[in-house]
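Student: Quick one, fold the following:
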Amino acid sequence: MKPLTIEALEICLKETEDTIRTADDHFLQQPISYLQSNIAEFFFVDSPDFDHIHVDSLALEVDDIFKTYMVLFGLQGKKKEGDVIRQFIEEKVQNQLLGLSISFSDNEGFWEINMPLDSIEGFEETMPIQDVLQLLNGILGDLDELRASK
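Tutor: Next up is the predicted model:
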């Protein structure tokens, strides 16, 4: 798989969604555990590669209550794909469903998905942020291929 192109990674405050700063390539080498140390923040990630896998937007954060790593994203698709999407994600998170939320927005025409990262095979909190994003891009690419085959 080719490296993920990251157009922008914004570090934002959860409470207001205001951007604190934009990350550079050096910041992408920081471990994802940055979010544990800065729990009031989240990352908003933009990549042209997301268009190819029908991901509308992507954010990474640590859940305030359970202290688990979470990815939140919009997935373009149809309502009838719900069972395929849910089954795929439940398998990827190894049925560790704490924090998992999958809902379809009729108004927007896409799936709103909150998915825990801690139990995903290959995820470690010592990983650089860039590697976590690459892992997620691969998983979401697999989901896109599965949806296309159905």
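Student: How about stretch 136-149, which residues are buried there?
Tutor: Counting neighbours by 16 or more other Cβ atoms under 10 Å, one finds that the buried residues in stretch 136-149 are 136-137, 139-141, 143-144, 147. Every C-beta, even on glycine, is put in place using the N, C-alpha and C of the backbone.
Student: which residues sit against it?
Tutor: The contact list for stretch 136-149, computed with Cβ atoms under 8 Å, 6 or more residues apart in numbering, reads 1, 4, 47, 49-50, 52-55, 58, 71, 73, 75, 77, 81, 84-85, 88-89, 92, 117, 120.
Student: In ChimeraX, select just the buried ones from these.
Tutor: Buried members of the contacts of stretch 136-149, defined by 16+ other Cβ under 10 Å, are picked up in ChimeraX with:
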select :4,47,49,50,53,54,55,58,71,73,75,77,81,85,88,89,92,117,120
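Student: possible to save the buried residues of stretch 136-149 as JSON lines with secondary structure?
Tutor: Formatted as JSON lines, the buried residues of stretch 136-149 follow (DSSP: H, G, I helix; E, B strand; the rest coil):
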{"residue": "136", "secondary structure": "helix"}
{"residue": "137", "secondary structure": "helix"}
{"residue": "139", "secondary structure": "helix"}
{"residue": "140", "secondary structure": "helix"}
{"residue": "141", "secondary structure": "helix"}
{"residue": "143", "secondary structure": "helix"}
{"residue": "144", "secondary structure": "helix"}
{"residue": "147", "secondary structure": "helix"}
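Student: just checking, which of the contacts of stretch 136-149 belong to strands?
Tutor: Counting by DSSP state E, those place 55, 58, 71, 73, 75 in strands.
Student: Identify the residues contacting the second one.
Tutor: Translated: residue 58. Residue 58 makes contact with 44-47, 50, 71-73, 133, 136 under the criterion Cβ under 8 Å, 6+ apart.
Student: just residue 150 next, same as before
Tutor: 81, 84.
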